[in-house]
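Peer 1: I'd like to go over a predicted model; first the sequence, then the structure.
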Amino acid sequence: MLASLLLFAGCSDGRVSGPGIAEPASATPEVETSVEADELVTDGAIPWRPGPLAIDLVTTTRVLKANIDSWQTDGEGRRQALFSAMRQQRIYQRLTARPKLFRRVERRLPSGLARFARETVGASTRLRSLVTPLEELPDWKTYKPAPAGELHRYYRAGQRRFDIPWQILASLNFVESRFGRILGPSSAGAEGPMQFLPSTWEAYGNGGDINDPHDAILGAARYLSASGAPERMRAALYAYNRSYDYVHAIRTYARQIGRDARNYRSYYLWQVYVLTVDGNIQLTGPGGARPAGG
């Protein structure tokens, strides 16, 4: 089994261009008072200077959390949450690509958000180390993912049947296919929303459809259980993809989802980018199939 990490939406060059956060501690005066939530421009350029970029990240996070709360209660905030999440994704792309800039931004963030940012940038950096830029775009089709609530039920089913934390299954689905936006095959031949090699699917798919999110998620839970999870989760994730950088990233995203369930909805709205020799190319979401703007 091998992840299709070429679709990792993280961090090529910051010249081309994130998720709900647990409630932060009190912000620094600069960040707290410089901008109001309704001033956020979701499609504007991402700032380059540390102060404005920190303000942008705090504001984007605040707006995103409010949008997700609305989306979950009355369904009205989803479109607004989409644009906020995409902006936050672009911010983290820049911070991952520019470590010195990130360190200067981090010092300006409230403590809760600073922790989230450190972990997000750390996971992104580890996944980025596994990716080789492509010379041309792969011939991939993109798909509309199953609804977030529906996928959550499948993760919970995997947890009940195989004792695999639902956050781990969500994290795998996020990294492997952006929740089913890309079904493959990958360069290694992996397919479906959880990126199984067909031979592995024969053993662990239980006769299901490799491209069906319900079947694929339960197949992943079955595979992890057979590989030693939950007691030996690190080893099981390593069996899923033989990279400790990958294992660290999956556990980091799962931990963030566990801290605040809104992070799951935020990740669900992150889009697919392909890392090419010319930079990140956005494949899904509004403005897709173009170089990511910065």
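Peer 2: Received, thanks. Numbers count the residues shown, from 1 in each chain.
Peer 1: Spell out the residue ranges of the helices in the stretch 151-294 of the chain.
Peer 2: In chain order, the stretch 151-294 of the chain shows helices spanning 166-177, 198-204, 213-226, 233-240, 244-259, 262-269, with DSSP state H, counting those that start in this stretch as the criterion.
Peer 1: helix, strand or coil for Pro52?
Peer 2: Of the three states, Pro52 takes helix according to DSSP: H, G, I helix; E, B strand; the rest coil.
Peer 1: if I look at it, how far off is Val277?
Peer 2: Using CB to CB, to the nearest Å, Pro52 is found at 30 Å from Val277. In this view, the C-beta of every residue, glycine as well, is placed from N, C-alpha and C.
Peer 1: same check, this time on Thr142
Peer 2: Looking at Thr142 against Val277, where the rule is CB to CB, the gap reads 21 Å.
Peer 1: Could I get the buried residue list for stretch 126-134?
Peer 2: 126-128, 131 (16 or more other CB atoms under 10 Å).
Peer 1: what about the spatially closest residue to Glu135 that is not a sequence neighbour, how many neighbours?
Peer 2: Distances taken as CB to CB, 6 or more residues apart in numbering put Val277 closest to Glu135, at 5.5 Å, once the chain neighbours are dropped. Other residues near Val277 number 10, with proximity taken as other CB atoms under 10 Å.
Peer 1: need the contact list for Val277.
Peer 2: Each residue near Val277 by CB atoms under 8 Å, 6 or more residues apart in numbering is listed here: 133-135.
Peer 1: Go through those residues and say which is closest to Gly208.
Peer 2: Proximity of those to Gly208 (CB to CB) peaks at Leu134, which lies at 30.8 Å.
Peer 1: For the residue nearest to that closest one when sequence neighbours are not counted, give me its contacts.
Peer 2: The shortest distance from Leu134 to any non-neighbouring residue, by CB to CB, 6+ apart, is to Thr276 (4.9 Å). Listed by CB under 8 Å, 6+ apart, the contact partners of Thr276 are 12, 133-137.
Peer 1: still on that earlier bit, for Arg115, find the nearest of the helices of the stretch 151-294 of the chain.
Peer 2: Each of the helices of the stretch 151-294 of the chain was checked against Arg115 via CB to CB, and the shortest separation belongs to helix 244-259, namely 9.2 Å.
Peer 1: and the angle for the closest one with helix 166-177?
Peer 2: Going by axes from the mean of the first three to the mean of the last three CA atoms, to 10 degrees, helix 244-259 is angled at 130 degrees with respect to helix 166-177.
Peer 1: quick one, helix 244-259 and helix 233-240 angle?
Peer 2: Relative orientation of helix 244-259 versus helix 233-240 (the same axes, to 10 degrees): 130 degrees.
Peer 1: What's the end-to-end length of stretch 267-281?
Peer 2: Between the start and the finish of stretch 267-281 there is a gap of 18 Å, counting by CA to CA, to the nearest Å.
Peer 1: What are the buried residues along that stretch?
Peer 2: Across stretch 267-281, burial judged by 16+ other CB under 10 Å covers 267-276, 279-281.
Peer 1: Would you mind listing where the protein has pLDDT under the threshold?
Peer 2: Counting by pLDDT under 70, the chain shows low-confidence ranges at 1-43, 287-294.
Peer 1: cutoff 80 now
Peer 2: Along the chain, the model assigns pLDDT under 80 to residues 1-44, 74-76, 137-140, 184-188, 279, 287-294.
Peer 1: ranges for the strands of it?
Peer 2: Taking DSSP state E to define them, one finds strands in the chain at 273-276, 279-282, 290-291.
Peer 1: what's the spacing between the residue nearest to Glu135 and Leu137?
Peer 2: Val277 sits 11 Å away from Leu137, going by CB to CB.
Peer 1: Ok, Arg87 next?
Peer 2: Here Arg87 is placed at a distance of 24 Å from Leu137 (CB to CB).
Peer 1: quick one: which of these two has more around it?
Peer 2: When Arg87 and Leu137 are compared on other CB under 10 Å, the one with more neighbours turns out to be Arg87, at 25 against 13.
Peer 1: I'd guessed the more buried one sits against Thr61; true?
Peer 2: No. Here Arg87 does not reach Thr61: they are 10.0 Å apart, not a contact under CB atoms under 8 Å.
Peer 1: picking that back up, out of the buried residues of stretch 126-134, which sit inside helices?
Peer 2: 126-128 (DSSP state H).
Peer 1: Pipe these into a markdown table and attach distance to His248 per row.
Peer 2: Formatted as a markdown table, the entries for these read as follows, by distance: CB to CB, whole Å:
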| residue | distance to His248 |
| --- | --- |
| Arg126 | 6 |
| Leu127 | 9 |
| Arg128 | 13 |
